[in-house]
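**Q** sequence plus predicted model, see below.
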Amino acid sequence: MRVRSTLITASLVALRQVGVEERYFGALPQERHDELRSLVAGSWVPLELATLHYSACDRLGLTSAELTRIGEDVSHRTQKSFVATLAKASIAAGVSPWILFSNARRIWERVFDGGDIASYKIGPKESYVEVAGCSLLALPYFRAAFRAYFRAVVALLSQVAYTTEVVAYGTESGAVFRFSWA
């Protein structure tokens with residue numbers, strides 16, 4: 001599995017904005033600082049580097065509110081062109097968040113090379129999203145930020161969006177999230 005460097009660079013910007021960048025670099029091995037500071041957006045990075053990044057984030061012990069803010073900020077930074085274009089076209093056509101769920105794999109593949117995602121309609125304004133084969137989900141930081149990331153995408157096409165994790169279906173490398181919106 002590989003991860004778009006854009007996801008990590010956006011995460012670093014968000015960490016800086018919430019004032020924990022210094023603590024973050026303190027949680028990383030010194031010899032990896034330059035590598036993470038010099039990432040160029042748009043390239044693929046190995047899973048090992050992404051795991052190192054998110055493990056350091058995990059050690060920061062951020063609050064739920066901080067995780068949500070970071071996840072939403074990263075979502076807006078990484079998906080702004082693709083999802084914003086999709087959202088504008090959809091709003092103009094009167095389309096709901098279902099357009100995003102039908103494009104979940106396309107959104108996923110813009111950020112991850114490996115693993116998989118699927119969505120299932122469970123109600124008129126409710127969906128399950130299942131993620132499989134993503135070892136980053138073993139990290140509580142990544143899991144919480146990912147949930148906020150996807151909720152922010154859904155919120156582009158709704159007045160309000162909610163998400164919860166369906167813990168009973170989760171695994172170390174998989175998760176199921178329930179989305180609803182109004």
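**A** Ah, there it is.

**Q** show the average pLDDT along stretch 108-123.
**A** For stretch 108-123, mean pLDDT is 94.

**Q** just stretch 75-89 next, same as before
**A** Rounded mean pLDDT across stretch 75-89 is 67.

**Q** what of stretch 22-34?
**A** Rounded mean pLDDT across stretch 22-34 is 96.

**Q** hmm, who's touching it?
**A** 12, 15, 36, 49, 52-53, 56-57, 59-60 (Cβ atoms under 8 Å, 6 or more residues apart in numbering). Any C-beta I mention is one placed from the backbone N, CA and C, and that applies to glycine too.

**Q** what residues are bridge-paired with residue 2?
**A** Residue 2 has these beta-bridge partners by DSSP bridges: residue 46, residue 113.

**Q** next up, the contacts around it.
**A** 44-47, 112-114.

**Q** make a ChimeraX selection of the buried ones in those residues.
**A** The buried residues among the contacts of residue 2 can be selected in ChimeraX (16 or more other Cβ atoms under 10 Å) with this line:
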select :45,47,112
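
**Q** will you turn the contacts of residue 2 into a markdown table that also has distance to residue 124?
**A** Converted to a markdown table, those look like this (distance: Cβ to Cβ, whole Å):
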| residue | distance to residue 124 |
| --- | --- |
| 44 | 38 |
| 45 | 39 |
| 46 | 41 |
| 47 | 37 |
| 112 | 29 |
| 113 | 34 |
| 114 | 33 |
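
**Q** name the nearest of the contacts of residue 2 relative to residue 140.
**A** residue 47 (17.6 Å; Cβ to Cβ).

**Q** for residue 103, see how far away the residue nearest to that closest one when sequence neighbours are not counted is.
**A** Among residues not flanking residue 47 along the chain, residue 1 sits closest, at 4.5 Å (Cβ to Cβ, 6 or more residues apart in numbering). Note on residue 1: its distance to residue 103, by Cβ to Cβ, to the nearest Å, is 21 Å.

**Q** same check, this time on residue 49
**A** 27 Å.

**Q** equivalent analysis for residue 161, please.
**A** 16 Å.

**Q** and these two? Which one has more around it.
**A** Neighbour totals were compared for residue 161 and residue 103, and residue 161 leads with 19 against 16 (other Cβ atoms under 10 Å).

**Q** what pairs with that one across the strands?
**A** Under the criterion used (DSSP bridges), residue 161 bridges to residue 181.

**Q** and it, how far is that from residue 140?
**A** 22 Å.

**Q** do residue 31 as well
**A** The value you get for residue 31 to residue 140, if Cβ to Cβ is used, is 25 Å.

**Q** that'll do, ta.
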